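# Just a sequence and a predicted model for now, questions to come.
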Amino acid sequence: MSVDTATVKRIASLARIAITEEEAGRLAPELGNILGWIEQLGEVDTRDVAPMTAVIPNHLRLRDDVVTDGGVRDAVLSNAPQAEHGFFAVPKVIE
Amino acid sequence: MTELTDLGVAAIRDGVQDGAFSAREVAEAFVAKVSAAKQLNAFLVETPDHAFAAADAADKARAAGEAAKPLAGVPIGMKDLFCTKGVPSTAASHILEGFTPPYESTVSQKLWDAGAGMLGKLNMDQFAMGSSNETSAFGNVISPWRRSDGGNAPLAPGGSSGGSSAAIAARLCPAATGTDTGGSIRQPAAFTGIAGIKPTYGRCSRFGIVAFASSLDQAGPMARDVRDCAIMLEAMAGFDARDATSLELDVPRWEAGLSSDLKGKRIGIPKEYRVENMPSEIDALWQRGIDWARDAGAEIVEVSLPHTKYALPAYYIIAPAEASSNLARYDGVRYGLRDLPDGANLQDMYAATRAAGFGDEVKRRIMIGTYVLSAGYYDAYFTQASKVRTLIARDFDAAWESCDLLLTPTAPSAAFALGEKSADPIAMYLNDVFTVPSSLAGLPAMSVPAGLDGHGLPLGLQVIGKALDEQGVLNAGLALEQRAGFAARPEAWW
């Protein structure tokens, strides 16, 4: 499996990770090797096999639709790199 | 007199209860050891005040004649993957530097409720991604063990719970929490000559544990012996409504149920675990383990787990896929690092923050995960891996027709030197060859120290059990532990 630098850049962009040309060049063979190695799964016959969705059989619980938490705005914001007026602040997104 | 720091969990608990020593004395002894062991880099944060407060509470309760809590007077280490209220929690990543959780993880809260105190937060592989502790953003943990060849090559304590394993082996704490996604409790335990158990998926709540791969992540204890693991696990396990996959079951009394009599038990030896190039010492250790199990009364049967060789590649699709999704939350907006280059827009800020905050291995796994989940590849990779996971679980189900437990080596080698495998991701991934299949199937599994290799380094044996049969796993572990008589410990050089 060979992965080219254009693919690496596309994946990095989907993953929202900035990479340099040099990093893309280094990552291409690394990712290619790993993907080549995991491609051996293709040889397993999985016709009529359902993908696993729960490791241990368990049922999803329901609870009453009532408020159980909240009123902790300041705690929620306490770790924000930038918080203003009770909100998370980010660079301007609308001109 | 034995040094207090040489005592394990049960001995400390009992000694405090009997008044042989005070909890305060125990906490002081361990705090001093922790603070003198900086060279090992096992602790990211030291919290002596937390340990002292718990110790004083235990002493006060005893003086007042109150019933002792199960872990009263026992100071422990907490892997930095657990969020601890008011104490920085980073998952050993720069992207969480400065993050101080305003809440407590369920598992750590249960331990404090049981009377334990915290000596500090333990170093680990960044986001639990690694098998050697070399991916921590805050430096490698150095194993207290050294090869007996006179060389002082720094060795890996295993990973990802390498701070936990190093700290326990070095007697900096009698027990610690670990988490295991593909072997992160068992492999470091094997590398450092201690015990560790990953319980059935769903036994311990994941609430407040920094998420790596949610369908695999499971907390468990690490300690010097099987009994101490049982005591710790009883305190850590239990239903939690805040984790949708938490099992709504009572916590068995594992310590009281301990028995090393394996009469009537059938122990399976999976033939596919005899991998190519396995060192003869590991093979010999495995054989000794088989003899010990037989000596304890078990019947030995050969079993087959035909899809074993596909477990690692399936894991390296499923775990990165889940990680790429879980780690999307680190965006520089709500907590942790923010990198905002001049004139950057929101998208640039996300990308710059994540580039600056994540380490190389984390980026590699996020990108693999993003790739296998991307349009056009999802079915070929992720769906296929999830189907193979079903087949791996079926292999175990079929094996349980003819046996009750499985016995295997924990890792394919003893501890390697730092730097030895870090250039080749796949060579590093292969370390988890014996631990990943049971993780994929959600089964309980534990490593117990079983011997030393030719260089004087510890080797571990693994016991894998049926879902919810932690008792069977612990009992077999105890039978092996008693016969192995592992008493070696690293000589203090730090």
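Right, received. Where do you want to start?
# And the pLDDT at the residue in the stretch 101-250 of chain B positioned nearest to chain A?
Chain A sits closest to B:Pro102 of the stretch 101-250 of chain B, with a gap of 4.0 Å, by C-beta to the nearest C-beta. No exception for glycine: its C-beta is placed from N, CA and C like everyone else's. Note on B:Pro102: pLDDT of 96.
# ok, it - contacts?
A:72, A:75-76, A:78-79, B:85-86 (C-beta atoms under 8 Å, 6 or more residues apart in numbering or on different chains).
# Regarding B:Leu407, which helix or strand does it belong to?
Secondary-structure assignment from DSSP states H and E places B:Leu407 in strand B:405-409.
# same thing with B:Glu302?
According to DSSP H and E, B:Glu302 maps onto strand B:299-303.
# Any buried residues in the strand holding B:Leu407, and which?
When burial is assessed from 16 or more other C-beta atoms under 10 Å in any protein chain shown, strand B:405-409 yields the following buried residues: B:405-409.
# need the residues of the stretch 51-200 of chain B near chain A, please.
B:98-103, B:200 (C-beta under 8 Å from any C-beta of the partner chain).
# In TSV, list those residues along with secondary structure.
Output for these, formatted as TSV (DSSP: H, G, I helix; E, B strand; the rest coil):
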residue	secondary structure
B:Gly98	coil
B:Phe99	coil
B:Thr100	coil
B:Pro101	coil
B:Pro102	coil
B:Tyr103	coil
B:Thr200	coil
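# Separate out the buried members of the residues you listed.
Buried by 16+ other C-beta under 10 Å: B:99-101, B:200, out of those.
# can you pull out the helices in chain A?
For chain A, the helices defined by DSSP state H cover A:5-14, A:21-38, A:73-77.
# The shortest one and chain B, are they touching?
To tie it back to what came earlier, the one meant is helix A:73-77. Yes. Against chain B, helix A:73-77 shows contacts by C-beta under 8 Å from any C-beta at A:75-76.
# Up against chain A, what does the stretch 201-350 of chain B have?
Neighbours of chain A within the stretch 201-350 of chain B, by C-beta under 8 Å from any C-beta: B:201-202, B:215-216, B:241, B:244-245, B:247-248, B:307, B:310, B:313-314, B:316-317, B:324, B:328, B:331-338, B:340, B:344-350.
# mind showing which ranges of chain A have poor pLDDT?
Chain A contains residues with pLDDT under 70 at A:1.
# Centroid-nearest residue for it?
Centroid check for chain A by C-alpha atoms, centre = their mean gives A:Ala15 as the closest residue, at 6.9 Å.
# Spatially nearest residue to that one, not counting backbone neighbours?
Spatially, and ignoring its direct neighbours in sequence, A:Ala15 is nearest to B:Thr370 (4.3 Å; C-beta to C-beta, 6 or more residues apart in numbering or on different chains).
# Average pLDDT for the helix or strand containing that neighbour, rounded please.
Assigned by DSSP H and E, B:Thr370 falls within helix B:360-373. Helix B:360-373 shows an average pLDDT of 96 in the prediction.
# What helices and strands are in contact with it?
Helix B:360-373 is packed against helix A:5-14, helix A:21-38, helix B:311-326, with contacts defined by 3 or more C-beta pairs under 8 Å, 6 or more residues apart in numbering or on different chains; DSSP states H and E.
# What are the contacting residues of it?
A:7-8, A:11-12, A:14-15, A:17, A:27, A:30-31, A:34-35, B:93, B:125-127, B:129-130, B:135, B:316-317, B:319-325, B:327, B:354-355, B:358, B:377-378, B:381-382, B:385, B:425.
# and the angle from that helix to helix A:5-14?
Using axes from the mean of the first three to the mean of the last three C-alpha atoms, to 10 degrees, the inter-axis angle of helix B:360-373 relative to helix A:5-14 is 100 degrees.
# where does stretch A:73-90 sit relative to the chain's centre, distance-wise?
Mean-position distance between stretch A:73-90 and its chain equals 23 Å (C-alpha atoms, centre = their mean, to the nearest Å).
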